[in-house]
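Participant: Sequence and predicted structure are below.
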Amino acid sequence: MIQPLLSAQSLSRSYGNQLAVNNVSFEVHKGEVLGLLGPNGAGKSTTMKMLSGNLAPNEGEITINGYDLIENPKQAKAHIGYLPEQPPLYKELSVGEFLNFCARINQIPRAKINSAVDMAIQQCGLSNVTKRLIGHLSKGYQQRVGIAQAIIHTPAVIILDEPTSGLDPIQIIEIRQLIRDIATEHSVILSTHILPEVQTLCDRVQIINQGQLLFNDTIDNLSQQMQTFSLLVDLTSPPPPEQLKQLDGVLSVETINNTQFRLHYHPDNNPTENLLNQAVSQHWQLQQLTPEQHSLEDVFMKIIKNEQPSNERAA
Amino acid sequence: MFTLARCEFYRLFLSPLAWIILALSQLILAYLFLTHIDYFVQIQPKISAIPGAPGVTELVAIPLLNNAATVLLLITPLVTMRLIAEERRNESLSLLISAPLSVNQIVLGKYLGTFSFFVILLLLIMLMPLSLLTGSAVDLYQLAAGFLGLLLLLASFTAIGLFLSSLTKQPTIAAVSTFTTLFLLWILDWAGTSEVGEQTSLFAWLSLLRHFEPMLQGEVHSSDISYYLILICTFILLTIRRLDSERIN
């Protein structure tokens, strides 16, 4: 079995009496994009701060590329790039100067500094603004500088804490594209509370709520959870709902209004074809037939809600 | 560590603060320097007849260094306040912490960067007494002792400022508390001197001023030097501890 690039074992962290992260374990393999998903205050940022060495966990251990973050912090930190929620920038420096400084503190050999800085500038699309002061750049560009800072030493794992928060829609698309480009060469862990972002960017999703890991699976399996087994039909001259219910395969009928119905069915027995035939032969005048899909939001809410009652019982 | 020191030094000069501090402290001290010279010129005919009378070093250079110490006491908090407090407020501290640097390197880098700024300030100040060389003989040894004293004093100011800056998120709070601490350490020996006799009390021993004055007189005691070195090391270690514990708590 291949050794994971980053592994976190039963991490716990509390602030005073408040437990922020409770027994969270996961692994990131090479070339993987892991999405940490959760509502605000779920413990995402705390987890990421622990992974980047900004916060020591109360319990548990973190290994990065074989180095223990607590025992060998220097070697371990050399393999991570971290972008906190608020990009850590020196606003009085120009983009070029700042990245040069970042290259130096990340112990890139002197001879390679210039090429590393050029690489990062190119990759993050900063070539037009190299000479400008960071403080004068827009939020989107500052975010890019933050990402450039995180990838400058080509770390194995890049940790991005809500990389698209506070950006306008165009900037969000650009940053997502950038993250996708980065993910071809590095493993990425990103946190977000925006669900479609996870869908478009990540290979694997972890849903975290109230400091606990609720879901840890591939994006495909998450999509499978999103499948529901219902059809939305719109008939201009519908039969009585009882008649729809008698169709082969239909389990129940939900009347939405005079013409719209939702038909639930068993996954092994899809009534679509049956329904079509009936609609044509009996002149129900079919206007719309849509297989319904749960949105990621629904799944997310379902996962979070399912967990809460059991938590309360446990407490 | 030196990268960090260099960056800190460079960033200081990007802000107008450093330039203004350099310019204004020169202005004040140059004015004081001139008044000292003026006074010296006035009394020179009267004292030249007395054998062993104080010369230009005692009457101009040393008072100037003494004044410089007071001015620097006021200036240091303004420079050191932003060291860690501002990084914390801009949330840029995590840049350094997640880089492969130890906390010792971060703290020492910041300390050295700021201290080198003060060395420049000090060298500029020293140009004034040295300019007396063009017209008169100056006791260079006494001047060197005074310079060493001022250097150590500044190094201690910086260490104290660095520590107090690491305690807070607000640069202003750091500045005020640094100023208070420095001032308190400065005037502590007022309480100390009220003690009877030659016996040095604890307060007098703690006073920054008490260890600085002998050096101005040209007496370099190893006990004074060690006092400053202990003070510097203590506050640097406290800063390291403070940043370390922040990760844990």
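Facilitator: Now that the structure is in, tell me what you want to look at.
Participant: how about residue 37, what does it touch?
Facilitator: Went with chain A since none was named. Going by CB atoms under 8 Å, 6 or more residues apart in numbering or on different chains, residue A:37 touches A:44, A:191, A:192, A:193, A:195, A:198, A:205, A:206, A:207, A:208, A:300. C-beta: built from backbone N, CA, C; applies to glycine.
Participant: The chain in question should be chain B.
Facilitator: Contacts of residue B:37 (CB under 8 Å, 6+ apart): residue B:60.
Participant: So what's the gap between the strand or helix carrying it and the chain middle?
Facilitator: Counting by DSSP states H and E, the element that carries residue B:37 is helix B:16-47. Centroid separation for helix B:16-47 versus its chain: 18 Å, with CA atoms, centre = their mean, to the nearest Å.
Participant: Buried residues in that helix, which are they?
Facilitator: B:18, B:21, B:22, B:25, B:26, B:29, B:32, B:33, B:36, B:37, B:40 (16 or more other CB atoms under 10 Å in any protein chain shown).
Participant: For the residue lying closest to the first one once chain neighbours are set aside, give its distance to residue A:246.
Facilitator: Read that as residue B:18. Leaving aside its chain neighbours, residue B:18 sits nearest to residue B:12 (4.5 Å; criterion: CB to CB, 6 or more residues apart in numbering or on different chains). Separation of residue B:12 from residue A:246 (CB to CB, to the nearest Å) stands at 83 Å.
Participant: neighbour-wise, which of these two wins?
Facilitator: For the pair residue B:12 and residue A:246, the greater number of neighbours falls to residue B:12 (21 against 11), based on other CB atoms under 10 Å in any protein chain shown.
Participant: quick one: the helix or strand harbouring that one to helix B:16-47, angle?
Facilitator: Using DSSP H and E, residue B:12 sits in helix B:2-14. For helix B:2-14 against helix B:16-47, the angle by axes from the mean of the first three to the mean of the last three CA atoms, to 10 degrees is 80 degrees.
Participant: what about helix B:2-14, average pLDDT?
Facilitator: Mean pLDDT, helix B:2-14: 86.
Participant: With just CA atoms, put that helix into PDB.
Facilitator: Below are the C-alpha coordinates for helix B:2-14, written out as PDB (Å, rounded to 0.1, in the frame of the first residue of the first chain):
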ATOM      1  CA  PHE B   2      18.900  36.500   8.700                       C
ATOM      2  CA  THR B   3      16.500  36.500   5.800                       C
ATOM      3  CA  LEU B   4      13.800  37.400   8.300                       C
ATOM      4  CA  ALA B   5      16.000  40.000   9.900                       C
ATOM      5  CA  ARG B   6      16.700  41.500   6.500                       C
ATOM      6  CA  CYS B   7      13.100  41.500   5.500                       C
ATOM      7  CA  GLU B   8      12.100  43.100   8.800                       C
ATOM      8  CA  PHE B   9      14.800  45.800   8.300                       C
ATOM      9  CA  TYR B  10      13.700  46.400   4.700                       C
ATOM     10  CA  ARG B  11      10.000  46.700   5.600                       C
ATOM     11  CA  LEU B  12      10.800  49.200   8.300                       C
ATOM     12  CA  PHE B  13      12.300  51.500   5.700                       C
ATOM     13  CA  LEU B  14       9.300  51.000   3.400                       C
END
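Participant: residues in contact with the residue nearest to residue B:18?
Facilitator: B:18, B:79, B:113, B:114, B:117.
Participant: looking at this, the last one is in a helix?
Facilitator: Put plainly, it is residue B:117. Yes - Residue B:117: assigned to a helix according to DSSP: H, G, I helix; E, B strand; the rest coil.
Participant: Just give the number of residues close to it.
Facilitator: Using other CB under 10 Å, residue B:117 is surrounded by 21 other residues.
Participant: for it, what are its contacts?
Facilitator: Counting by CB under 8 Å, 6+ apart, residue B:117 makes contact with B:9, B:12, B:13, B:18, B:79.
Participant: Could you report the pLDDT at it?
Facilitator: 93.
Participant: Next, find the distance separating it from chain A.
Facilitator: 15 Å (CB to the nearest CB, to the nearest Å).
Participant: What residues does residue A:264 make contact with?
Facilitator: A:229, A:230, A:250, A:251, A:252, A:253, A:254.
Participant: Could you list the buried residues of stretch A:153-169?
Facilitator: Across stretch A:153-169, burial judged by 16+ other CB under 10 Å covers A:153, A:155, A:156, A:157, A:158, A:159, A:160, A:161, A:162, A:163, A:164, A:167.
Participant: ok so, going back, just the contacts of residue A:264: which are in helices?
Facilitator: The helices, defined by DSSP state H, take in nothing from the contacts of residue A:264.
Participant: Select only the buried ones of those residues in PyMOL?
Facilitator: Of the contacts of residue A:264, the buried ones can be selected in PyMOL as follows, counting by 16+ other CB under 10 Å:
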select buried, chain A and resi 229+230+250+253
